[in-house]
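Peer 1: next input, structure requested:
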Amino acid sequence: EDPDLRHAGSRTALTAPGGDAEAALYDHPLLRIRLAGRDVYLEPDLVALRHHGRYHVVEVKSFPVIDGRADPAKVAAAAIQAAVYVLALRDLLGRPDAVSHEIVLVCPQNFSNRPVAVTVDVRRQLTVLAHQIGRLVRVESILRPALRDADFEGGRRGMVSCMIAPVLAAALREFGQPDA
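Peer 2: A predicted model of the protein is given here:
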């Protein structure tokens, strides 16, 4: 199925009128986020709980919450993943205020099959992600200066490669990445 059509279908389902007090869960919506000029599609298992007209991203994980505590590294990874969904859902709805910065994390409680849900504030992760996404650059823009003066005539591909390498190294340094 065409991802653009599925994304449009998700938008229709998520923006359908339902009343401010109505609660609803949305299963397997197709979200989209733009990274370095390209659309990337995301299909979370369960993305949103609409409650009182506001969406909350729901992230269901298999790691346990034992005696009220979960593995901090796993919670951090879940928060980052959920923050990506928050960004994509805000973009889909066109209203950042329609999606809460508090996500709902659902995990097994202790060593049972009984779920426990907690809220996690992902404002910090949203700020970091927005900054990182804003810094992403299309590879074409990095290569354009080198390719503008490149001469592919007469089998001089090796020369072009030698010309591109310093440009790429400088671009990587400019964007805070070590030379490859």
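Peer 1: use CA for all of it now, contacts and neighbours both
Peer 2: Will do.
Peer 1: please name the bridge partners of the residue nearest to V60 when sequence neighbours are not counted.
Peer 2: Nearest residue to V60, sequence neighbours excluded (Cα to Cα, 6 or more residues apart in numbering): V106, at 4.7 Å. The residues listed as beta-bridge partners of V106 by DSSP bridges are V60, A117.
Peer 1: confirm for me that V106 is in contact with V118.
Peer 2: Yes. Taking Cα atoms under 8 Å as the definition, V106 is a contact partner of V118 at 6.6 Å.
Peer 1: those two: which has the busier surroundings?
Peer 2: Each of V106 and V118 has its neighbours counted (other Cα atoms under 10 Å); V106 has more, 19 against 13.
Peer 1: residues contacting the most centrally placed residue in the chain?
Peer 2: Closest residue to the average C-alpha location of the chain: V84 at 2.8 Å, with Cα atoms, centre = their mean. By Cα atoms under 8 Å, 6 or more residues apart in numbering, the contact set of V84 is L126, L129.
Peer 1: distance of it from L35?
Peer 2: For V84, the distance to L35 (Cα to Cα, to the nearest Å) stands at 11 Å.
Peer 1: and what of A88?
Peer 2: 11 Å.
Peer 1: which one of these two is surrounded by more residues?
Peer 2: A88 (21 against 15).
Peer 1: was I right about the more buried one contacting I33?
Peer 2: Yes. Applying Cα under 8 Å, one finds A88 in contact with I33, separated by 5.3 Å.
Peer 1: where along the chain do the strands fall?
Peer 2: Per DSSP state E, the chain carries strands over the ranges 24-27, 31-35, 38-42, 46-51, 54-60, 102-108, 115-121.
Peer 1: now the fourth one, how far from the centre of its chain.
Peer 2: Right, strand 46-51. 16 Å (Cα atoms, centre = their mean, to the nearest Å).
Peer 1: the chain: helices as residue ranges?
Peer 2: 3-15, 72-93, 123-135, 139-148, 157-174 (DSSP state H).
Peer 1: weakest of the ones you listed by average pLDDT?
Peer 2: Mean pLDDT per stretch puts helix 157-174 lowest among these, at a mean of 57.
Peer 1: and R54, how far from V116?
Peer 2: From R54 to V116 the distance is 21 Å (Cα to Cα).
Peer 1: check A73 too.
Peer 2: 18 Å.
Peer 1: circling back: for the residue nearest to V60, what are its contacts?
Peer 2: Here V106 is in contact with V58, E59, V60, K61, P115, V116, A117, V118 (Cα under 8 Å, 6+ apart).
Peer 1: now, among those, which is nearest to D67?
Peer 2: Nearest to D67 among these, counting by Cα to Cα, is V116 at 11.2 Å.
Peer 1: fine by me, we can end here.
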